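Student: Provide a 3D model corresponding to the input given below.
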Amino acid sequence: MGKKRRILFYLAAGIFLAWFAWLVLTPHEPVYQGKPLSVWLEEANESEVVDYDSANPEAVNAIRQIGIKALPELVRLVATKDTGLRKILLKLNEKQSFYSFQVHSLYECDNMAAAGFYILGSEAKTAVPELMVLLSDEDPEVRSSAAWCLGLIGPTAKDAVPALITAIGTNHSFGDILSGSLALGKIGPEANAAIPFLRLLPNDDPNWLIPPIIQAALVQIGGDSISPYIDQLKDTSNRTNWIRAARIIGLCPNDADPAIPLLIAGLANTNRGIVWSALHNLGYIHKQPDVCIPAIIPFLQSPDIILRKESVVTLHKFGTASKVASPEIILCLTDPEFAVRVKATNALRDIDPEAAAKAGIK
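Tutor: Residues are numbered from 1 along each chain as shown. Below is the predicted model:
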């Protein structure tokens, strides 16, 4: 086959794949102000925020305006699987610039669905039955995404509590326990039927990721008090216990106010793990900015790359309240570490758009 014929062949194949991808993978989405829902979901996911209320306000408003019309597409995103065609198109997007196929990775699909369900919250209640069905899907990624999105709907997803318990108990995999426990915690007191079940889950290994999530769920549902974990922050002699307690508190921001002075005190510790954990969980709580932000700013110039990066991310999570840190964040735009520069660019864009524009950030 000659060079010209090969070019024509690949061009024809590309056109066919583009048409087929549009036919099979591109949904008929609701549109707001000329943009389809998927574009608004992508824009809502551009920021490193704890909650999507702090994301791109235009995108948040668009998703709320679309409202329940978004639900079929959000459920479709949750149910998306890693098919052979999807993998091929994603590879083609990486290898050529002639044409970009409108297809998202599973990671992107999960994040877009999460953004939509978080922003709609209780308004997405009518999607609960479909998400409950997905809790029994054979694909663990689909089950995890469905559980997480049920949690993001919040207390009005209470009808899903028995299905979440069943999904965790039936599969008993890391992903099912993780996402199911997070979801039950976010549903809160309406998930009180899950308290005996959660107490039976394995939670005795302090180095395991899941126990703090189970314990945080028990606090959020009302089965346990957060006070013992706050008390643990008063003693930094046991690094593992301190970090574990900080993580539980970070997952329970509504109850975390009394812990904030202790987390700020943790920033002065000589143990890097405690300092990182203090930064990380202050970001997840993102309250009392007047006292937290001045304590975080000095870490933007830390000699430790990990702490510099985490301090930028933490300030980003405080949203526009971190505008007072803009001059220091601007200095991070020239940080020798690429990851810090990227985090600083994204943070400044959301925290202080005017300063970002003057710094040449679009």
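Student: from here on, contacts and neighbour counts on C-alpha atoms
Tutor: Fine.
Student: ok, now how distant is the closest residue in space to His316 that isn't next to it in sequence from Ala339?
Tutor: Excluding the flanking residues, the one nearest His316 by C-alpha to C-alpha, 6 or more residues apart in numbering is Ala347, at 5.0 Å. In this view, Ala347 and Ala339 are 12 Å apart by C-alpha to C-alpha, to the nearest Å.
Student: Between the two, tell me which one has more neighbours.
Tutor: Ala347 (30 against 14; other C-alpha atoms under 10 Å).
Student: Could you list the buried residues of the helix or strand where that one lies?
Tutor: Applying DSSP states H and E as the criterion places Ala347 in helix 338-351. For helix 338-351, the neighbour count (16 or more other C-alpha atoms under 10 Å) marks Val340, Arg341, Val342, Lys343, Ala344, Thr345, Asn346, Ala347, Leu348, Arg349, Asp350, Ile351 as buried.
Student: again with stretch 291-300
Tutor: Using 16+ other C-alpha under 10 Å as the test for burial, stretch 291-300 gives Cys292, Ile293, Ile296, Ile297, Phe299, Leu300.
Student: of all these, which two lie farthest apart?
Tutor: Maximum pairwise distance among the buried residues of stretch 291-300 (C-alpha to C-alpha): 13.7 Å, between Cys292 and Leu300.
Student: Show the end-to-end separation of stretch 131-148, please.
Tutor: For stretch 131-148, the first-to-last residue distance is 10 Å (C-alpha to C-alpha).
Student: again with stretch 230-240
Tutor: Terminal residues of stretch 230-240 are spaced 14 Å apart (C-alpha to C-alpha).
Student: What distance do you get for Cys149 to Tyr118?
Tutor: 8 Å.
Student: Quick check on the two: which one has the bigger neighbour count.
Tutor: A direct count of neighbours by other C-alpha under 10 Å for Cys149 and Tyr118 places Cys149 higher, at 29 against 23.
Student: got a list of contacts for the helix or strand hosting the more buried one?
Tutor: In this structure, Cys149 is located in helix 140-153 according to DSSP H and E. Helix 140-153 is contacted by residues 78-81, 110, 113-114, 117-118, 120-125, 128, 131-132, 134-137, 157, 160, 164, 175-176, 179-180, 182-187 when judged by C-alpha atoms under 8 Å, 6 or more residues apart in numbering.
Student: Contacts for the helix holding Ala347, please.
Tutor: 47-48, 55-56, 305, 308-309, 312-313, 315-316, 319-323, 326, 329-330, 332-335, 355-357, 361-362.
Student: what's the helix or strand following that helix in contact with?
Tutor: On the C-terminal side of helix 338-351, the nearest following helix or strand under DSSP H and E is helix 353-358. Helix 353-358 is contacted from outside by Ser326, Thr345, Leu348, Arg349, Lys362, using C-alpha under 8 Å, 6+ apart.
Student: Of all the residues in helix 353-358, which ones are buried?
Tutor: Quick answer for helix 353-358 (16+ other C-alpha under 10 Å): Pro353, Ala355, Ala356.
Student: Over to stretch 183-198?
Tutor: Residues 183-192, 194-195, 198 are the ones in stretch 183-198 that count as buried (16+ other C-alpha under 10 Å).
Student: Out of those residues, which comes closest to Gln288?
Tutor: Nearest to Gln288 out of those is Lys186 (C-alpha to C-alpha; 22.0 Å).
Student: so what's the closest one up against?
Tutor: Counting by C-alpha under 8 Å, 6+ apart, the residues that Lys186 touches are Gly151, Leu152, Gly154, Pro155, Ala217, Gln220, Ile221.
Student: Show me the shaky parts of the stretch 201-350 of the chain.
Tutor: 203-208 (pLDDT under 70).
Student: go again using 80 as the cut-off
Tutor: Across the stretch 201-350 of the chain, residues meeting the criterion (pLDDT under 80) sit at 202-209.
Student: returning to what we had before: and the two most separated of the contacts of Lys186?
Tutor: Leu152 and Ile221 (14.6 Å).
Student: more crowded one of those two?
Tutor: Leu152 (26 against 22).
Student: Would you write a PyMOL line that selects the buried entries of the contacts of helix 140-153?
Tutor: A single PyMOL command is used to select the members of the contacts of helix 140-153 judged buried by 16+ other C-alpha under 10 Å:
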select buried, resi 78+79+80+110+113+114+117+118+120+121+123+124+125+128+131+132+134+135+136+157+160+164+175+176+179+180+182+183+184+185+186+187
